[in-house]
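J.: Build me a model from this:
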Amino acid sequence: MSKKRALLFTIALIFLMTIFAVSMVQAATGESSPANPGGSDSGLVWWAWPIILFVVTFALGILAVLGGVGGAVLYTPIIGGFFPFGMDFVRGAGLLVALAGSLAAGPGLLKRGFADLRLAIPVALIASTAAIGGAMVGLALSDAIIQTSMGIAILAIVVVMFLARKSEYPDVQKADKLSSVLRISGIYHEPTSGKDIDWKIHRTIHGLVLFVGIGFMAGMFGLGAGWANVPVLNLVMGAPLKISVATSKFLLATTDTSAAWMYMNAGDVIPMIVVPSIVGIMLGSLMGVRILEKTKPSAVRVLVLVMLSFAGLRALLKGLGIWK
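T.: Numbering: from 1, shown residues only. I've put the predicted structure just below:
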């Protein structure tokens, strides 16, 4: 059996074992499983939801890769808006979805010299602390307030993604004092040109202040922070695009872990939602990498923006009580 087939078999086995485990727990306790944890009665049997969730998240995983966004940015508003799950469960799962992708990519990015620890550590400390605060606030608020706030945040993300212009090699004339003290600079090898790129950053304080807000939103809404990490690292602080993307991916492992622990401690992370979501996103991402070579990025980007706009608008109207 090839490695890829063994991996797929293992993932499928884990998925089936999760469903079996949930059914055994219900049989032992004599309780019926809610098909919609924390939500309204949908009329579907409980085991239908993990299957539907797997299919939907598989598609989201493909779109996340093709659209160049984190899986949680699509996952949280779409699953929260169109599935009858409580928002606390969805946000907890969304953070773990982002965390899984980060843990899968992080070691390879560090090994290749793209993710930079000197850049990541101060940002991670600030964003992780803010994410804990955001998670505490999010858990204390009602679903209506969260839906309304998340709708506004998602629509703002659409505007940022639409207007953002990435710079492959920002022109940083001189490193600022703080980045010099922290020794945030480096050299990485660019395989496409065969050259070694010497880089440094500036406006470090501005970037760290922005990461307070990014971490808070990541914890509060369960969106992950990849959508904002790259623009701040690249456009504000002046890190090269590849360093920004790789470091952003690595940062999710710390930022989302801090917030996810808060949701786990509150009992808002359940396997019936988390397992099919992570498996679906990861398999969809693998498929998306293959499809990426034959797809026009501009067309996919438009599709992602339309989906996020619709999901954000639905969350906003749902929170306001206009769209049930």
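
J.: Now do the helices in this structure.
T.: Counting by DSSP state H, one finds helices in the chain at the ranges 3-29, 48-67, 71-82, 87-111, 117-140, 143-163, 177-181, 204-221, 226-231, 241-265, 271-292, 297-319.

J.: which residues touch the shortest one?
T.: With contacts defined as C-beta atoms under 8 Å, 6 or more residues apart in numbering, helix 177-181 is touched by 185, 200-202, 204-205. Quick note: C-beta positions are derived from backbone N, CA and C, even for glycine.

J.: what stretches of the stretch 1-150 of the chain score poorly on pLDDT?
T.: Residues of the stretch 1-150 of the chain that meet the criterion pLDDT under 70 lie in 1-44, 65-70, 104-106, 108-109.

J.: and of the helices of the chain, who's closest to residue 171?
T.: Minimum separation from residue 171 across these (C-beta to C-beta) falls at helix 241-265, 12.9 Å.

J.: which parts of the closest one are buried?
T.: Along helix 241-265, these residues count as buried under the neighbour rule (16 or more other C-beta atoms under 10 Å): 241-263.

J.: Out of the helices of the chain, which one sits most buried?
T.: Across those, averaging neighbours per residue (mean count of other C-beta atoms under 10 Å) puts helix 71-82 on top, at a mean of 27.

J.: how far is that one from where the chain is centred?
T.: On the basis of C-alpha atoms, centre = their mean, to the nearest Å, helix 71-82 is displaced by 10 Å from the centre of the chain it belongs to.

J.: circling back to that earlier point, for residue 196, which of the helices of the chain is the nearest?
T.: Each of the helices of the chain has some distance to residue 196 by C-beta to C-beta; the shortest is helix 241-265, at 12.9 Å.

J.: Give me the helices and strands touching the closest one, please.
T.: Applying 3 or more C-beta pairs under 8 Å, 6 or more residues apart in numbering; DSSP states H and E, we find helix 241-265 packed against helix 87-111, helix 117-140, strand 185-190, helix 204-221, helix 226-231.

J.: Apply 10 Å and report the result again.
T.: Using 3 or more C-beta pairs under 10 Å, 6 or more residues apart in numbering; DSSP states H and E as the contact definition, the elements that helix 241-265 packs against are helix 87-111, helix 117-140, strand 185-190, strand 195-200, helix 204-221, helix 226-231.

J.: angle of the second one against helix 204-221?
T.: For the pair helix 117-140 and helix 204-221, the angle between their directions (axes from the mean of the first three to the mean of the last three C-alpha atoms, to 10 degrees) equals 40 degrees.

J.: from the chain's centre, how far out does helix 117-140 sit?
T.: In this view, helix 117-140 has its centroid 14 Å away from the chain centroid, taken as C-alpha atoms, centre = their mean.

J.: From the contacts of helix 177-181, which shows the smallest pLDDT?
T.: Within these, pLDDT reaches its minimum at residue 185, with 86.
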